[in-house]
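# quick one, structure for this:
(one chain, ligands or ions: 2)
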Amino acid sequence: MLTAKQIRTGFIDFFRDKDHDFVPSSPIVPADDPTLLFANAGMNQFKDIFLGLTPPKSPRAVNSQKCLRVSGKHNDLEEVGKDTYHHTFFEMLGNWSFDDYFKAEAIEWAWQLLTEVWGIDPDKLWASVFAGDKADGLPEDAEARRLWTKATSIPAEHVGAFGKKDNFWEMGEAGPCGPCSEIHIDLGPDHCDKKNVPHHKCAVNAGCARFIELWNLVFIQYNRTEDGSLVELGARYVDTGAGLERIVAVLQDKPSNYDTDLFMPVIAAAVQLTQHKYAGRIGDTTDNAFRVIADHIRALTFAITDGATPSNEGRGYVIRRILRRAARFGRQLDMHEPFIYKLVPTVCHCLGDAFGEIRQRADYVSTVIEAEEAAFGRTLDRGIEIFESAAKRAKKSHLKTISGDDAFQLYDTFGFPLDLTQLMAVERGLGVDTAGFDKLMAQQRQRARAAQKDTSLVMTLADTELPATEDLHKYTTDSCEAKVVGFIDPQGFKDTGRIEPGTECGVVIDRTCFYAEAGGQVGDCGTLRSESGEFIVADTTKIVNCIIHKGKLAKGTLAVGDSVQAFVSKDRQATRKNHTATHLLQWALQTILDKSVSQQGSLVGPDYLRFDFTYPKALTAEQIKDVEKAVREKIATDAPVTSALLPREKAEKLGAMALFGEKYGDEVRVVAIGTDSGEQVASAFSKEFCGGTHVDRVGSIGSFKIIKEESISAGVRRITALTGAGLTGYLEKRSEIVDRLSVTLKTPAEEVAERVAKLVKDNKKLTKQLKSASKLAGTDLMADAKKLLDKCEKIGAASIIVEQIPATSVEQARQAIDMLKKKAKSAVVVFAFSEDSKVTLLAGVTDDLIKKGIKAGDIVKQIAPIVDGGGGGRPQMAQAGGKNPEKIDEALTKASELIKQKLSTP
Ligand code: ATP
Ligand code: MG
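Ligands and ions are numbered 1, 2, ... in the order given. The predicted model follows:
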């Protein structure tokens, strides 16, 4: 039996033998096509060739394209697991002719490969051709029909003609298009999954699982113009697509794609993890859950590897939806903790030979998936409960739909994507009020938008034709002569007129030595000086090929046509150091942590550098030290930094590092460290695709220090570091701090750290002691005070408590007095205590007794002099201090007398 790997290679080799060049799959996340969320067909990467925008590298190509059909025109998500042959992620094998061979070869070769090389029984195969279309004025594709019947051994009655929907392929509303010819396989009546559908008859394109499309041969020969009419295209192309998973199922004689060696290892791993059994039944809830999870983990592994990350919009949201859907199916296998991420190694095992990139990023992908699973897992169980009660309500309602409110709550509070709610509803024979959901969603967006400011300047500019600026000088010089070409303000681009002092705008000149923000390096600042004015450039940016010097006219005037001298600020030297240091840092991280560390982003400016990279956990203090040391040692070698323009493929072969998922042109600039000439890139220890500005030799970076290491998202770390003057400034400030501490602590600088550590330790100990001591004292006082109340003297209803108490805090004594006043309802309390030969007197009186003329303030005022002190306060509560503890008794006796006197006089 052929393995999937042999079948993939077999396809490629078959066409290689027929002079086709192998072209690697393009990333599943298209780098340069905003109209497409994910690659969904082999032709995506050749689009510009069909449009006549770029010439093909060679006239024939063969490939296996990574495809994801989860959004837009092609969305097979709902089919996954329910049928045997639709996946989210799949491989599309294809052979291509760029104005070389046409229908005859395409049909003959496909037939030869399927029946002769792979030995599929011709009687099981069916072919379809385009039936023609009246509105388009196109006849049947007689050529294709003739080729099928004359040039192959297919039974004549197995060739059918179908209309535009099935057999005419178009790239979009306008553009290249043409008829196609599909090859289907009849798997036998047992495979029909529409037996219960009235009037169903198994046939090609009848939509049941008995007839499955294997291979689609597209013959691009027309161009649909803007007005909708068709014209014959100058060139003719063949674009074919065959689903690898389907072919493997046929050749391995399996009832479903999931039973092949592309999926079974993944399902087996899931069986291990979940301890549930997989029996391969279609329509079974448990088996279905396994299929969905196996499908989705493949999709997630590839998409995240190629640069998608779960988020709330666009591509990221599609990924999040797939992951949440998989997690929900995991609940059906009783998995309540993250586990899907554990399948990543198995996916790499199955597909890593054909697509090495997934192996390279496996750790990162696992970390991202685990974090997402954990985050969603926290609300999923509760969400399922909420869903169940919403479903109950829906069952009772006559519409049998989950309300928009419920769907929105599930989305907003529990993170259920709408399609997950829909899927769960369908399982119970319910619908979802999507219109209601959309309305609530729109309201939320409206609120979000209202909270956001409009930053439309760049948007309006992107549509304008802007002049190109020649900027080659940015690498070689810090000043150059140029002419003002125009100004940019919020109204747009002006190529005439002048600006007055104070005007803030963007200046466009014909040539510049300023570096415009790109590849993480900030734009240069500096000045543009003319005979009549001086413009301060605060930032430089680029739109298409136009460089914009943003800033303010500081002096004089500036007009279109003026000659200016452009000076880049000295900051640039610092930026250069930081940029080269970033390359050294990447090299050091890969050397010390792991080869697989890859850049996720960077920010390089004059003040500091920031580098984001994939790594699953925090760096240890030792790793940070080692990285710093490695960078510093390289700086000490004073190795030269060179750059060279190279064909992309050559640069890749030499091992130059590119940014994952970034789209590069055919010629790239490679910055190399450790070799004298750009020609010897191979021997450099660091080589990166880079358009930035660098120092000539690493020695001038001076020194390097990491000042922060943190996590920015699951699996991604961020390092902030300093070099050169930035580092010197930082160290000066630090040194000042140490000096100040040294003076305050009266300790030599070398011992400051230990001294502070000891102080902190002592402080902790003391605080603890103090807390427990005062707590004890406090509770004691309260308990004692209650006892005092029980045995105190009473005159009428009034309780009289006059006592010396153990040393305590004023705060606690006051609390005790308040407590007694409340408890007794009618009372006079006088407390005295001493500590370190200091006396504190406190008195409190309830309101009813104040009316009888007893005032706390008066009492302390009169007794304080006895203990050599003074004080006073309000009638309710008063306090005094004194210096003679020996006389406390005398003072309290006096207090008792005063109180009794007042109470006994009516
Ligand atoms: P179908 O009608 O079966 O959905 P399609 O018409 O969408 O197929 P094409 O767009 O012509 O398919 O894609 C070319 C080939 O890719 C198909 O012949 C099939 O073998 C394979 N293919 C398409 N969609 C999927 C999918 N979701 N999963 C696996 N293979 C697929
Ligand atoms: Mg389809």
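# count the neighbours of the closest residue to Ser742 other than its chain neighbours for me.
Nearest non-adjacent residue to Ser742, counting by C-beta to C-beta, 6 or more residues apart in numbering: Ala749, 4.8 Å away. From N, CA and C alone the C-beta is placed, and that goes for glycine too. Residues lying near Ala749 (other C-beta atoms under 10 Å) number 13.
# mind listing what Ala749 touches?
Ala749 makes contact with 738-739, 742, according to C-beta atoms under 8 Å, 6 or more residues apart in numbering.
# can you tell me which of the residues you listed are buried?
The neighbour count (16 or more other C-beta atoms under 10 Å) marks Ser742 as buried among the contacts of Ala749.
# among the contacts of Ala749, which are in helices?
738-739, 742 (DSSP state H).
# looking at the residues you listed, which is nearest ligand 1?
Ligand 1 lies nearest to Val738 out of the ones in helices among the contacts of Ala749, by C-beta to the nearest ligand atom, at 64.6 Å.
# follow-up on the earlier one: now distance to ligand 1 and pLDDT too, for the contacts of Ala749, in TSV please.
Formatted as TSV, the contacts of Ala749 follow (distance: C-beta to the nearest ligand atom, whole Å; pLDDT from 0 to 100):
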residue	distance to ligand 1	pLDDT
Val738	65	94
Asp739	69	94
Ser742	70	94
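# look up how far ligand 1 lies from Leu68.
Using C-beta to the nearest ligand atom, to the nearest Å, Leu68 is found at 9 Å from ligand 1.
# and that residue, what are its bridge partners?
Phe89 (DSSP bridges).
# isn't Asp524 right up against Thr512?
No. Counting by C-beta atoms under 8 Å, Asp524 does not reach Thr512; the two are 9.0 Å apart.
# quick check: neighbours shared by the two?
Joint contacts of Asp524 and Thr512 (C-beta under 8 Å, 6+ apart) are 474, 540.
# residues near Ala110, how many?
23.
# I figured it hits Leu217, correct?
Yes. At 6.2 Å, Ala110 counts as touching Leu217 under the criterion of C-beta under 8 Å.
# gap between the residue lying closest to Asp433 once chain neighbours are set aside and ligand 1?
Leaving aside its chain neighbours, Asp433 sits nearest to Gly404 (4.2 Å; criterion: C-beta to C-beta, 6+ apart). In this view, Gly404 and ligand 1 are 30 Å apart by C-beta to the nearest ligand atom.
# OK, contacts around Gly404?
Contacts of Gly404 (C-beta under 8 Å, 6+ apart): 432-440.
# go again with 7 Å.
433, 435-437, 439-440 (C-beta atoms under 7 Å, 6 or more residues apart in numbering).
# closest one of these to ligand 1?
Phe437 (26.2 Å).
# secondary structure class for that closest one?
Classification of Phe437 using DSSP: H, G, I helix; E, B strand; the rest coil returns helix.
# what's the burial count for the residue lying closest to Thr469 once chain neighbours are set aside?
In this structure, Thr469 finds its nearest non-sequential neighbour in Ile547, 4.0 Å apart by C-beta to C-beta, 6+ apart. A count of neighbours around Ile547, defined by other C-beta under 10 Å, yields 26.
# show me what Ile547 is bridged to.
Lys542.
# give me the distance between the residue nearest to Ser742 and Lys761.
20 Å (C-beta to C-beta, to the nearest Å).
# cool, and Ser677?
59 Å.
# check which helices and strands the helix or strand where Glu736 lies is in contact with.
In the assignment (DSSP states H and E), Glu736 maps to helix 724-745. Where contact means 3 or more C-beta pairs under 7 Å, 6 or more residues apart in numbering; DSSP states H and E, helix 724-745 is packed against helix 571-592, helix 752-791.
# of all the ones you listed, which lies closest to ligand 1?
helix 571-592 (36.5 Å).
# the inter-axis angle of the closest one versus helix 724-745?
Interaxial angle, helix 571-592 versus helix 724-745 (axes from the mean of the first three to the mean of the last three C-alpha atoms, to 10 degrees): 80 degrees.
# dump the C-alpha coordinates for helix 571-592 into PDB.
Output of helix 571-592 as PDB, limited to C-alpha atoms (Å, rounded to 0.1, in the frame of the first residue of the first chain):
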ATOM      1  CA  ASP A 571      20.300  60.200  16.300                       C
ATOM      2  CA  ARG A 572      20.700  58.000  13.300                       C
ATOM      3  CA  GLN A 573      24.000  56.800  14.600                       C
ATOM      4  CA  ALA A 574      22.300  55.500  17.700                       C
ATOM      5  CA  THR A 575      19.600  53.900  15.700                       C
ATOM      6  CA  ARG A 576      22.300  52.200  13.600                       C
ATOM      7  CA  LYS A 577      23.900  50.700  16.700                       C
ATOM      8  CA  ASN A 578      20.600  49.500  18.000                       C
ATOM      9  CA  HIS A 579      19.700  47.900  14.700                       C
ATOM     10  CA  THR A 580      23.000  46.000  14.300                       C
ATOM     11  CA  ALA A 581      22.700  45.000  18.000                       C
ATOM     12  CA  THR A 582      19.200  43.600  17.200                       C
ATOM     13  CA  HIS A 583      20.800  41.200  14.700                       C
ATOM     14  CA  LEU A 584      23.400  40.200  17.200                       C
ATOM     15  CA  LEU A 585      20.700  39.600  19.700                       C
ATOM     16  CA  GLN A 586      18.800  37.300  17.400                       C
ATOM     17  CA  TRP A 587      21.900  35.400  16.700                       C
ATOM     18  CA  ALA A 588      22.700  35.100  20.400                       C
ATOM     19  CA  LEU A 589      19.100  33.900  21.300                       C
ATOM     20  CA  GLN A 590      19.300  31.200  18.700                       C
ATOM     21  CA  THR A 591      22.700  30.100  19.800                       C
ATOM     22  CA  ILE A 592      21.900  30.100  23.600                       C
END
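# after that helix, which helix or strand is next? Please name it.
strand 599-604.
# what angle do helix 571-592 and the following helix or strand past that next one make with each other?
Using DSSP H and E, the helix or strand that follows strand 599-604 towards the C-terminus is strand 609-614. Taking the same axes, to 10 degrees, one finds strand 609-614 and helix 571-592 inclined to each other by 30 degrees.
# helices or strands up against strand 609-614?
Under the contact rule (3+ C-beta pairs under 7 Å, 6+ apart), strand 609-614 is packed against helix 571-592, strand 599-604, strand 716-723.
# with mean neighbour count and distance to Asp489 added, can I get the ones you listed in CSV?
Below are the helices and strands packed on strand 609-614 laid out as CSV (neighbours: other C-beta atoms under 10 Å; distance: least, C-beta to C-beta, whole Å):
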stretch, mean neighbour count, distance to Asp489
helix 571-592, 23, 25
strand 599-604, 20, 27
strand 716-723, 21, 35
